[in-house]
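> Provide a 3D model corresponding to the input given below.
(chains A and B)
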2 protein chains.
Amino acid sequence: MTTTLRTAVVIGCGTTGTSLALALGLAGVRVTLVDEDPRALEEAVSLGAGTAWTPGQPPADLVVVATAPSAVVDALHSAQSRGLGHVYTDTAGTKDIVCAEAELRGCDLKGYVPGHPLAGSDAAARDTAAAGRFTGRPWVVCPYETTPDWALETMDALIEVCGAYRIDLAPHVHDRIVAELSHGPHLIAAALATRFADSSEAFLGLAGNGLRDAVRSAGGDPWLWGDVLAHNAGPVADVLDRVTEQLARAAAILREGDASAPLELAPTLEEGRRGHAALQRAGERRTLRDAPAGDRV
Amino acid sequence: MTTTLRTAVVIGCGTTGTSLALALGLAGVRVTLVDEDPRALEEAVSLGAGTAWTPGQPPADLVVVATAPSAVVDALHSAQSRGLGHVYTDTAGTKDIVCAEAELRGCDLKGYVPGHPLAGSDAAARDTAAAGRFTGRPWVVCPYETTPDWALETMDALIEVCGAYRIDLAPHVHDRIVAELSHGPHLIAAALATRFADSSEAFLGLAGNGLRDAVRSAGGDPWLWGDVLAHNAGPVADVLDRVTEQLARAAAILREGDASAPLELAPTLEEGRRGHAALQRAGERRTLRDAPAGDRV
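Numbers count the residues shown, from 1 in each chain, chains lettered A, B, ... in the order given. Okay, here's the model as predicted:
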């Protein structure tokens, strides 16, 4: 337990909120929970993530808004109006619109540190809350120019408790990065996977692990993902355009039916293999904490 | 060891050929190996896959042509001319062009059973030869109308030795299936992965396992894959067209920037989730051997 973080309110008991709450609880932080859905709240409580928040509690050291992106600013504004805590953060997977809306809406920016923990999302555990969900993973923080040190100190305590490491990025830079690394690939996996929604068992039985890997991220919650994608529309559309263009070119090469097709496809396949290798190497390098982020993005 | 399969020649000591040879050897079949590349041959021999083929050997019970698709018919014709064996098969990932070319070229079709073992391609072991590579996996066989039972019996013995199970498909049906399940997804993974070929370590360090899963199949040999894709051009182009169209529609929805974007994206995301779930279920049902194949393809 740190001195700056002894009590916390977690608003939104989905996988992210519950995982955070579990990590906070393990570190000795007293956590109270809020969720509009009584069943979600009950489940989080039953997992030991905390107790239900009740009116009249003294303000917490930290309030975490762990809702879908489109619900963050409403929840933040309401929580600040009611004086639920001293420092506020969110966990939304998009930051540009959220940060701008919080400002427009008149939220108290001095006490609000926009954040996004990049979950490891171990394929098997994607939808399972766990205290270790953010261990060893980057946690993007998008401070305003005016964000005071005392707010960042509380944020640092949260990140430390979760075993993550902090990376500061401008909101629009964050959004372009996650469009490339997560949002775009998610839509591509979903588009690929639609083909198999109504296929016969016999057909699907011929599929190998490569295909199952390729569509794994399509297993995420469609409503949460629709919200995330719409909140990062421009950068995601740019990723889709690029991939669409490459695939259309490959299809044209194949349709021409020239003997030179393998040669013409080679640059894409070779570059794809290099990209695959680069990602594999990055996965094996987990000690990247001190490397500068955001360059060559 | 079966009575119909006591000796075999394996032409092509890549991952597939070497894996087959190892499985045959384990079952007591005497295996001799051929490869134009002396280093590939040497490596297979050093792995215990067999001994180098030498001229003057009596014809083997089975000759397996385990080369890239475009090299199969040449190798088959040459092997048959030299009388290397009684029954011949190949392992190429495309069948329509290979089967037609073998006929046009005047290969002896009575002794040739076109085949394609669908490797499990456990991501980690994709490029590693192993006797168990085909265990529990389907092995597509595309007999000609004139293929005699004695040739199929030898083929069955090979499939049994490898622990696989046989599925008979027409060549063009096979090609459409693998375009959907393997070739199309491979190109999509490659196109997605190209983006990361020259990215900074800091950027790639933010990637999660979901992205690494999505691009995993892009790690395959670009030259072999170019050959495979060019040999299955039409069906692969059809898959790319479908996915391209979906992604272009999604990009258009995102660019419109309407508040209804999440609603408009929902059908693709929801269908993608259903497709993902169907593929996961299929992966858990490994005992599909007796199910009828090819329906609803």
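> what sits up against stretch A:237-251?
Stretch A:237-251 has contacts (CB atoms under 8 Å, 6 or more residues apart in numbering or on different chains) with A:179-180, A:183-185, A:187-188, A:265, A:268, B:187-188, B:191-192, B:194-195, B:229, B:236-237, B:240-241, B:243-244, B:247-248, B:250-251, B:254-255. C-beta coordinates here come from the backbone N, C-alpha and C atoms, glycine included.
> And the buried ones among these, selectable in PyMOL?
In PyMOL, this line selects whichever of the contacts of stretch A:237-251 come out buried by 16 or more other CB atoms under 10 Å in any protein chain shown:
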select buried, (chain A and resi 179+180+183+184+185+187+188+265+268) or (chain B and resi 187+188+191+192+194+195+229+236+237+240+243+244+247+248+250+251+254+255)
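> What about the contacts of stretch A:237-251, which are in helices?
Judged by DSSP state H, helices contain the following of the contacts of stretch A:237-251: A:184-185, A:187-188, A:265, A:268, B:187-188, B:191-192, B:194, B:229, B:236-237, B:240-241, B:243-244, B:247-248, B:250-251, B:254-255.
> so who does the most centrally placed residue in chain A touch?
By CA atoms, centre = their mean, chain A has its centre lying nearest to A:Gly93, at 4.1 Å. Neighbouring residues of A:Gly93 by CB under 8 Å, 6+ apart: A:69, A:116, A:178, A:182-183, A:228, A:231-232.
> As TSV, the residues you listed with distance to chain B and pLDDT would be great.
Converted to TSV, these look like this (distance: CB to the nearest CB, whole Å; pLDDT from 0 to 100):
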residue	distance to chain B	pLDDT
A:Pro69	10	96
A:His116	10	97
A:Val178	8	97
A:Ser182	7	95
A:His183	10	96
A:Val228	9	95
A:His231	9	95
A:Asn232	8	97
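> Among the residues you listed, name the buried ones.
Buried members of the contacts of A:Gly93, scored by 16+ other CB under 10 Å, are A:69, A:116, A:178, A:182-183, A:228, A:231-232.
> Just those residues: which are in strands?
Residues of the buried ones among the contacts of A:Gly93 located in strands (DSSP state E): A:His116.
> In the stretch 51-200 of chain A, which residue sits nearest chain B?
The minimum distance from the stretch 51-200 of chain A to chain B, using CB to the nearest CB, falls at A:Ala190 (2.9 Å).
> State whether A:Val10 is indeed within a strand.
Yes - counting by DSSP: H, G, I helix; E, B strand; the rest coil, A:Val10 is part of a strand.
> give me the beta-bridge partners of it?
Taking DSSP bridges, one obtains A:Leu33, A:Val64 as the residues bridged to A:Val10.
> what's the pLDDT at it?
Note for A:Val10: predicted pLDDT of 98.
> do you know how far it is from A:Trp223?
Distance of A:Val10 to A:Trp223, computed by CB to CB, to the nearest Å: 20 Å.
> which of these two has more neighbours?
More neighbours surround A:Val10 than the other of A:Val10 and A:Trp223, with 30 against 15 (other CB atoms under 10 Å in any protein chain shown).
> mind listing what the more buried one touches?
Counting by CB under 8 Å, 6+ apart, A:Val10 has contacts A:17-18, A:20-21, A:24, A:31-34, A:49-50, A:63-64, A:66.
> repeat that for 7 Å
Going by CB atoms under 7 Å, 6 or more residues apart in numbering or on different chains, A:Val10 touches A:17, A:20-21, A:31, A:33, A:50, A:64, A:66.
> Mind checking which of the residues you listed are in strands?
Using DSSP E, the contacts of A:Val10 in strands are A:31, A:33, A:64.
> JSON lines please, covering those residues and showing pLDDT and neighbour count.
Shown next, in JSON lines, are the ones in strands among the contacts of A:Val10 (pLDDT from 0 to 100; neighbours: other CB atoms under 10 Å in any protein chain shown):
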{"residue": "A:Val31", "pLDDT": "98", "neighbour count": "25"}
{"residue": "A:Leu33", "pLDDT": "98", "neighbour count": "24"}
{"residue": "A:Val64", "pLDDT": "98", "neighbour count": "28"}
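> Check for me that A:Val87 belongs to a strand.
Yes - applying three-state DSSP, one finds A:Val87 inside a strand.
> surely it meets A:Val65?
No - here A:Val87 lies out of contact with A:Val65, judged by CB atoms under 7 Å, at a distance of 11.6 Å.
> picking that back up, any idea which helix or strand carries the closest residue to the residue of the stretch 51-200 of chain A closest to chain B other than its chain neighbours?
Nearest non-adjacent residue to A:Ala190, counting by CB to CB, 6 or more residues apart in numbering or on different chains: B:Gly272, 2.9 Å away. Element membership for B:Gly272, per DSSP states H and E: helix B:261-284.
> which residues are in contact with that helix?
By CB under 7 Å, 6+ apart, the surrounding residues in contact with helix B:261-284 are A:189-191, A:193-197, A:199, A:201, A:204-205, A:207, A:211-212, A:215, A:218-219, A:222, A:225-227, A:229-230, A:233, B:246, B:250, B:253-254.
> Where do the helices of the stretch 1-150 of chain A begin and end?
Shown for the stretch 1-150 of chain A, the helices assigned by DSSP state H, counting those that start in this stretch span residues A:15-26, A:38-46, A:69-81, A:96-104, A:149-161.
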